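A.B. asks: sequence plus the predicted model coming up.
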Amino acid sequence: MSTEPQNFDIAIVGQGIAGTLLGYFLEEAGMKVLIIDHHHQGAASMVAAGIVNPITGKKFVKSWRIDDLLPAAKSIYSDIGTKMGIKSYTDANVIFALETIEDENNFLSRSEDELYSKYFSKETDFSQMDGIISKPLQYGEIQHSFHVHLKDILTTFREYWEKKNAYLDEFMNYSDLKISQDGYKYKAYHFNRIVFCEGYLAKDNPFFDKLHMQPAKGEVLLIKIPEAGFKKMYKDKVFFVHQYDDIYWVGSGYEWNFLSEQPTKEAREVLIEEINRILKIPYEIIDQKAAVRPATANRRPLLRVHSEHPGMYLFNGLGTKGSSLAPFFARQFARYIVKGNPEDLTY
Ligand SMILES: Cc1cc2nc3c(=O)[nH]c(=O)nc-3n(C[C@H](O)[C@H](O)[C@H](O)COP(=O)(O)OP(=O)(O)OC[C@H]3O[C@@H](n4cnc5c(N)ncnc54)[C@H](O)[C@@H]3O)c2cc1C
């Protein structure tokens, strides 16, 4: 990228799914956007499976605001796919392993609730799992779920912004950001506004405190299962998500007190134990990855406006559900940044 002074309407620090979608909407609204990202190894969006699953937990409850979030996510990812010429998500039902009578009862009673029933598949077909999975007591199937191709979306947008000379590949040192009445200056770049979308690294952001971040590390294995062939997602204690060919994503635990962002032997062993319990056929480990979720104490996204520096914002707190939260809230926050209607800060 040129070192000539350059002017932008807004800089986005962090190009995970939060920064990417916010950048997309701000550009749609006519803003000239500069992206700054240093490809941090623990970036959650590059490791996540991108699952959007409307029904979660042992009690099979609806995810928070899923009736709004899911259709918005689908239509926004579809638009992005069309605009960028990529396949941005794959529709795939989730087959749940129901291990106990209680699980089965919980699942059945939810499926009969009229507020839930649209997410419970009536035409279930578990034959894909025959001979492959050690059959639990029963299966249950959820529909309208999908998995987002986060890595493809991020990589495609990165290339797009690089081509426009609107991408700065480095870690932004907060002390290098100069604030004046004319806006913001960072090295040779001038911008009128700035949004921080740093994922869990926001814990070190000196401009925004009281974020109540509770970062949660997760580890995953990519495995090759030559004889598997199932395309639906499978949820036991871990998730199996088909990626491409015969490669599957398997993960992932939650670690709240982690010492490093690196993959660990301990997490690998836990995942292998689960895979060995669940799979009846041979597999091969291809890769192990770890990343940190930007979770918050109240499990809600963070749409923040700095109280003293005009035009300084933070978009974060996507936690365990960035794939479903990011589209809806990036659109809403971008609208706030452009139009300034305070209602767009509430949710
Ligand atoms: C193992 C795992 C599995 C997951 N599975 C799912 C799932 O199936 N479905 C789902 O919805 N969610 C899932 N999540 C959660 C999801 O990944 C996150 O909610 C989402 O990716 C957060 O996106 P983000 O953009 O806020 O942060 P990130 O993806 O972490 O991106 C932050 C970016 O900011 C950059 N950055 C930070 N500070 C600076 C700086 N000072 N200068 C320059 N760049 C900076 C980093 O390099 C990084 O690229 C999972 C997370 C993990 C870890």
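C.D. replies: Perfect, thanks for sending it.
A.B. asks: any chance you could list what contacts whatever helix or strand His190 lives in?
C.D. replies: Assessed by DSSP states H and E, His190 sits inside strand 189-196. The contact list for strand 189-196 (C-beta atoms under 8 Å, 6 or more residues apart in numbering) reads 5-14, 19, 22, 34, 168, 177, 182-184, 202, 205, 207-208, 311-316, 337. Quick note: C-beta positions are derived from backbone N, CA and C, even for glycine.
A.B. asks: run through these and flag the ones next to the ligand.
C.D. replies: Contacts with the ligand within these, as defined by C-beta under 6 Å from any ligand atom: Val13, Gly14, Gly19, Asn316.
A.B. asks: of those, closest to the ligand?
C.D. replies: Closest approach to the ligand among those (C-beta to the nearest ligand atom): Gly14, at 2.8 Å.
A.B. asks: if I read this right, that closest one contacts Asp37, doesn't it?
C.D. replies: Yes. Contact status for Gly14 versus Asp37: in contact at 5.9 Å, counting by C-beta atoms under 8 Å.
A.B. asks: between those two, who's got more neighbours?
C.D. replies: Neighbours per residue (other C-beta atoms under 10 Å) separate Gly14 from Asp37, with Gly14 holding more: 28 against 24.
A.B. asks: give the contact list for that one.
C.D. replies: Contacts of Gly14 (C-beta under 8 Å, 6+ apart): Ile36, Asp37, Phe196, Cys197, Glu198, Gly199, Leu201.
A.B. asks: what's the neighbour count on the closest residue in space to Gln288 that isn't next to it in sequence?
C.D. replies: Among residues not flanking Gln288 along the chain, Pro263 sits closest, at 4.4 Å (C-beta to C-beta, 6 or more residues apart in numbering). Burial of Pro263 is recorded as 19 neighbouring residues (other C-beta under 10 Å).
A.B. asks: distance of Pro263 relative to Ala44?
C.D. replies: Using C-beta to C-beta, to the nearest Å, Pro263 is found at 14 Å from Ala44.
A.B. asks: quick one, what contacts Ile225?
C.D. replies: Ile132, Asp246, Tyr248, Leu279, Ile281, Pro282, Tyr283.
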